[in-house]
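> Sequence unavailable; structure follows:
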C-alpha cells in the first residue's frame, strides 16, 4: 500500500501569506520604480522619409566612364559633415537634444537601403515630433543635393573625351 499523507490547508495558507507579504512589498517597490522611471524618461518621436535612387545611365552609350554604383551613396549619406551641418542648422547642440558631436546625431539616425529596389529609408528619433520631421527632411534634402552633384559631375565627365576630374563630394 501507498502511504498517503494528509494535506493541512491552514499550514499552506499560512506559508503563502507569510511569503506573500514579501512578494507584495517587492511588487509595490517595482511598481513605484517603474512609475518614477516612466515620468523621468523623455518621449522620443520617429520620423521617416523614403528616397528612391535610379542607377545613372549617363555615359553608358559611349562607355567612356562607368555609371556611379548606388552603393557609393551609402558612405556619402553617413558622412560626419552632413550630420554636423544639421546639428548647426537646427541648434541640436542645445537642450533638450544636447547633440554636441556628429556621432550623437548619427546614433539617432537610421538609413536603410534595399539593394533590389534602390530605396533608402531615412528615419530620425528626437524628443520633438516636428523637429524629428524637419531633421529627416533636411537629411533627405542633403542626400538629394549630393546625388544631384554627383550626377552632374558624371554627366560633365561623360561628355569630355579623356579628361579626368577629381571631385569633392562634401565640404
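That came through, no problem. Everything numeric in this text was worked out from a predicted model, so none of it was measured.
> Quick one: the helices in this protein, in order.
9-40, 72-77, 80-90, 102-106, 129-159 (DSSP state H).
> To residue 112, which of the ones you listed lies closest?
Judged by CB to CB, the one of the helices of the chain that comes nearest to residue 112 is helix 72-77, at 10.3 Å. Yep, even glycine has a C-beta here, placed from its N, CA and C like the rest.
> Show me what that closest one is packed against.
With contacts taken as 3 or more CB pairs under 8 Å, 6 or more residues apart in numbering; DSSP states H and E, helix 72-77 sits against strand 109-114, helix 129-159.
> Tell me the pLDDT of the closest residue to residue 82 other than its chain neighbours.
Spatial nearest neighbour of residue 82, excluding adjacent residues (CB to CB, 6 or more residues apart in numbering): residue 142 at 5.2 Å. Per-residue confidence at residue 142 stands at 88 (pLDDT).
> circling back: now the weakest link among the helices of the chain, please, by mean pLDDT.
Lowest mean pLDDT within the helices of the chain: helix 72-77, at a mean of 72.
> returning to that earlier point: I'd like the helices and strands packed on helix 72-77 as TSV, with distance to residue 10 and mean neighbour count appended.
Shown next, in TSV, are the helices and strands packed on helix 72-77 (distance: least, CB to CB, whole Å; neighbours: other CB atoms under 10 Å):
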stretch	distance to residue 10	mean neighbour count
strand 109-114	60	15
helix 129-159	58	16
